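Student: Give me the fold of what follows.
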Amino acid sequence: MTTEKTTEKSTTTTEEVRGKGRTLTGVVKSNKMAKTISVEVVRTVRHAKYNKYVKHRARYYAHDERSEAGIGDTVKIVESRPLSKLKRWRLESITQKASV
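Tutor: Residues are numbered from 1 along each chain as shown. This is a model prediction of the structure:
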């Protein structure tokens, strides 16, 4: 009994590999830093004892290369390699612009 293994080289570009981590949606709370935004992600979690849904908030620093996101915008961020001490996310897209 013979088994043959054929392996093909995968030719993936950096754009295909990039963005394969977790994706979160949140609201921009601060854009005062250079090429960085602070995004607040709100999720609801059921309390174990009281079975009541509670909001949990988390703030993430995301890399915004073109500084295009403004305060109040709803954005989608994706996990990436560490870019600085606190930045581990990058801006993927702006879902909805804030109303002026």
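Student: low pLDDT regions in the protein?
Tutor: 1-19 (pLDDT under 70).
Student: Where do the helices of it begin and end?
Tutor: Assignment of helices within the chain using DSSP state H yields the ranges 14-17.
Student: Based on its surroundings, how many neighbours for residue 66?
Tutor: 7 (other C-beta atoms under 10 Å). C-beta here means a position set from N, CA and C on the backbone, and glycine is covered the same way.
Student: Contact partners for the residue nearest to residue 57 when sequence neighbours are not counted?
Tutor: Once flanking residues are discounted, residue 57 sits nearest to residue 42: 5.3 Å by C-beta to C-beta, 6 or more residues apart in numbering. By C-beta atoms under 8 Å, 6 or more residues apart in numbering, residue 42 lies in contact with 26-27, 55-57.
Student: residue ranges of the strands in the chain, please?
Tutor: 23-33, 36-46, 53-63, 74-79, 89-96 (DSSP state E).
Student: Can you give me the buried ones in the second one?
Tutor: Of the residues in strand 36-46, those buried under the neighbour-count criterion (16 or more other C-beta atoms under 10 Å) are 36-39.
Student: and what of the shortest one?
Tutor: Counting neighbours by 16+ other C-beta under 10 Å, one finds that the buried residues in strand 74-79 are 74-75, 77-78.
Student: what does stretch 84-95 give?
Tutor: 87-92, 94.
Student: Out of the buried residues of strand 36-46, which is nearest to residue 64?
Tutor: Distance to residue 64, by C-beta to C-beta, is smallest for residue 37 among the buried residues of strand 36-46, at 4.8 Å.
Student: Spit out the contact partners of the closest one.
Tutor: By C-beta under 8 Å, 6+ apart, the contact set of residue 37 is 28, 30-31, 61-62, 64, 69, 75, 91.
Student: Beta-bridge partners for it, please?
Tutor: On the basis of DSSP bridges, residue 37 is bridged to residue 62.
Student: Show me how far stretch 77-90 is from its chain's centre.
Tutor: From the chain centre to the centre of stretch 77-90 is a distance of 8 Å (C-alpha atoms, centre = their mean, to the nearest Å).
Student: All good on my end, thank you.
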